[in-house]
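K.L.:
Structure for the following, please:
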Amino acid sequence: MTSAQGEAPEFIVVGEGGKARRIAVRCRAGDGSPIVWLGGFRSDMGATKAMALDAWAERNGRAFLRFDYTGHGESDGVFAESTLSTWLADAQAVIETFAPKRPLLVGSSMGGWIACLIAQALTQQQRPPSGLVLIAPALDFTQDLLWERFSPDIRATIERDGAWFRPSAYDPSPVPITKALIADGRRHRLLGNAFDPGCPVHILQGMDDPDVPYPHALKVVQSLPKAGTLLTLIADGDHRLSRPQDLARLVRAVTDMSA
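P.N.:
Numbering: from 1, shown residues only. Coordinates of the predicted model:
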């Protein structure tokens, strides 16, 4: 199956009853282990890094899969009513449907957290992914990078009103940070304990990243097995890592992991 950016995506239904939603997916047929793009918080499958990988996959005849989480892009659902569990379920359903065998997971920011959770689950099922490429992986971000950074006033607003609308440098509209999002994130924490994704891991991290500071990437490395884990620090790199040189570095990392 091949779905180009200008064509209508395929849809799968995730969830049941009132929680059922259509998830938009674009698959590019090709050789090798399927490469799966897992986007970040409020991002979509048309983002710069996803499209750079899609173009690489097209040139090289590689299988590539991208999709939009609930409440993102072309998928159904309301963002503010979703949590990490929602988006994790979306990703798991897409992978089970389109890339069940040895996927190479490429996760950006929140997508890095989701990639690690999926890899851990697949490894426990004795079918690990072929590799992980993580860009500024925001593991445990709802607690470590949001809640613990919030002022007492912001925390009180979330507790009282159920949400706080956070201004964003990447979105013209404030982003709702809900009480449910924070509480649900605590159920999926990975840092502080060792976890084994069952495959090689390459992390790309900008040292000028204000959203996921590079010491956070060091915590991720400390939780992973030493063997097979590689960290690349980009001294002048920001959170997006979407400059031409950053995209070239991402493509090289995926190429090396999928060779």
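K.L.:
CA only for contacts and neighbour counts going forward, please
P.N.:
Noted.
K.L.:
where exactly do the strands run in the protein?
P.N.:
10-14, 21-28, 31-38, 62-67, 104-108, 131-135, 163-166, 175-178, 201-206, 229-234 (DSSP state E).
K.L.:
Compile the ones you listed into JSON lines and extend it with columns for mean pLDDT, distance to Gln222 and mean neighbour count.
P.N.:
JSON lines is the format used below for the strands of the chain (pLDDT from 0 to 100; distance: least, CA to CA, whole Å; neighbours: other CA atoms under 10 Å):
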{"stretch": "strand 10-14", "mean pLDDT": "98", "distance to Gln222": "34", "mean neighbour count": "16"}
{"stretch": "strand 21-28", "mean pLDDT": "98", "distance to Gln222": "34", "mean neighbour count": "22"}
{"stretch": "strand 31-38", "mean pLDDT": "96", "distance to Gln222": "22", "mean neighbour count": "23"}
{"stretch": "strand 62-67", "mean pLDDT": "98", "distance to Gln222": "29", "mean neighbour count": "26"}
{"stretch": "strand 104-108", "mean pLDDT": "98", "distance to Gln222": "18", "mean neighbour count": "28"}
{"stretch": "strand 131-135", "mean pLDDT": "98", "distance to Gln222": "15", "mean neighbour count": "27"}
{"stretch": "strand 163-166", "mean pLDDT": "97", "distance to Gln222": "30", "mean neighbour count": "16"}
{"stretch": "strand 175-178", "mean pLDDT": "97", "distance to Gln222": "28", "mean neighbour count": "19"}
{"stretch": "strand 201-206", "mean pLDDT": "98", "distance to Gln222": "12", "mean neighbour count": "25"}
{"stretch": "strand 229-234", "mean pLDDT": "98", "distance to Gln222": "10", "mean neighbour count": "15"}
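K.L.:
For the stretch 151-259 of the chain, which segments are assigned as helices?
P.N.:
152-161, 179-186, 214-223, 244-258 (DSSP state H, counting those that start in this stretch).
K.L.:
can you redo the ones you listed as TSV with distance to Met45?
P.N.:
Converted to TSV, these look like this (distance: least, CA to CA, whole Å):
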stretch	distance to Met45
helix 152-161	29
helix 179-186	22
helix 214-223	24
helix 244-258	15
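K.L.:
Glu10: which of these is closest?
P.N.:
When these are compared by CA to CA, helix 244-258 sits nearest Glu10, at 24.6 Å.
K.L.:
Export the strands of the chain to TSV and append columns for distance to Arg187.
P.N.:
Shown next, in TSV, are these (distance: least, CA to CA, whole Å):
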stretch	distance to Arg187
strand 10-14	21
strand 21-28	23
strand 31-38	20
strand 62-67	24
strand 104-108	20
strand 131-135	21
strand 163-166	19
strand 175-178	15
strand 201-206	23
strand 229-234	25
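K.L.:
Out of those, which gets nearest to Leu218?
P.N.:
Smallest distance to Leu218 across those (CA to CA): 8.4 Å, for strand 229-234.
K.L.:
mind listing what that closest one pairs with, with the direction of each?
P.N.:
strand 201-206 (parallel) (DSSP bridges).
K.L.:
picking that back up, mind checking which of the strands of the chain is nearest Met45?
P.N.:
Here strand 62-67 is closest among the strands of the chain (CA to CA), at 5.5 Å.
K.L.:
Tell me which other helices or strands that closest one touches.
P.N.:
In terms of contacts (3 or more CA pairs under 8 Å, 6 or more residues apart in numbering; DSSP states H and E), strand 62-67 is packed against strand 21-28, strand 31-38, helix 48-60.
K.L.:
mind redoing it with 6 Å?
P.N.:
Packed against strand 62-67 by the contact rule (3 or more CA pairs under 6 Å, 6 or more residues apart in numbering; DSSP states H and E) you find strand 21-28, strand 31-38.
K.L.:
Dump those to JSON lines, plus distance to Val133.
P.N.:
Formatted as JSON lines, those follow (distance: least, CA to CA, whole Å):
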{"stretch": "strand 21-28", "distance to Val133": "19"}
{"stretch": "strand 31-38", "distance to Val133": "10"}
